[in-house]
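> Sequence below, structure please.
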Amino acid sequence: MNRVINQSSVLVVLAVLAAASAVLLIGTSVWFLATVSLVGATAAAATFNFHHPAALIRLFALTRVGAKFAERFWGHKVALAEQTFRRAQLFQTLASQKHRFSAGWQLARDELLNVFLDDVEALDYWRLRVWLPALTLVVVALVLSGLTAAISWP
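A predicted model of the protein is given here:
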């Protein structure tokens, strides 16, 4: 349990980083376009420094892409590790029940096949299929709500 939670916390951090980078990218882009349109009609257009906002846009875009790539890579690593752990656990459980499978697997027999399928379906995959996406959604929603409140605060 702790193994999956520790690996899942990395995924949550990467998801929050990707979401924050996306919000900052959109905000900087909108600010940059609005500033350029306002300054473009005045004499200050010749002195407007567009290098800093452009650099920020590139930074946030690269950060977002890097965080999404790292999140996908780490997610595959966690999923494969969990699958390997569960598979080993399943076969250890099946191997410990020698009285049931003393004549071999014999999965062609319906009663043994049903027992095998029940054992496979009894495994608990809620951490990867339910808990992690729900936690990521809650964290991103809280971060976005906090950013919205901070920006709109008078």
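
> Asn49: what secondary structure?
Of the three states, Asn49 takes coil under DSSP: H, G, I helix; E, B strand; the rest coil.

> Neighbours of it, how many?
Residues lying near Asn49 (other Cβ atoms under 10 Å) number 7. C-betas here are computed from N, CA, C, even on glycine.

> if I look at it, how far off is Ala55?
Look at Asn49 and Ala55: by Cβ to Cβ, to the nearest Å, they are 10 Å apart.

> Equivalent analysis for Lys77, please.
Taken as Cβ to Cβ, the span from Lys77 to Ala55 is 32 Å.

> Please report the distance of Arg86 from Val120.
From Arg86 across to Val120, the span is 9 Å (Cβ to Cβ).

> Which one's more surrounded, those two?
Arg86 (15 against 12).

> what helix or strand is that one on?
helix 51-96 (DSSP states H and E).

> how far does that helix sit from the chain's center?
Helix 51-96 has its C-alpha centroid displaced from the chain centroid by 7 Å (Cα atoms, centre = their mean, to the nearest Å).

> What is it packed up against?
helix 2-39, helix 110-121 (3 or more Cβ pairs under 8 Å, 6 or more residues apart in numbering; DSSP states H and E).

> Any stretches of the protein with poor pLDDT?
1-5, 98-108, 121-128 (pLDDT under 70).

> Give the buried residues for the helix or strand harbouring Pro133.
Element membership of Pro133, judged by DSSP H and E, is helix 132-152. Within helix 132-152, the residues that count as buried by 16 or more other Cβ atoms under 10 Å are 132, 135-136, 140.

> before we move on, what about stretch 62-78?
63-64, 67-68, 70-71, 74-75, 78.

> Stretch 18-35 now?
Neighbour counts using 16+ other Cβ under 10 Å place 18-25, 28, 32 of stretch 18-35 among the buried residues.

> so which of those would you say is closest to Thr148?
Set against Thr148, the nearest of these by Cβ to Cβ is Val23 (9.3 Å).
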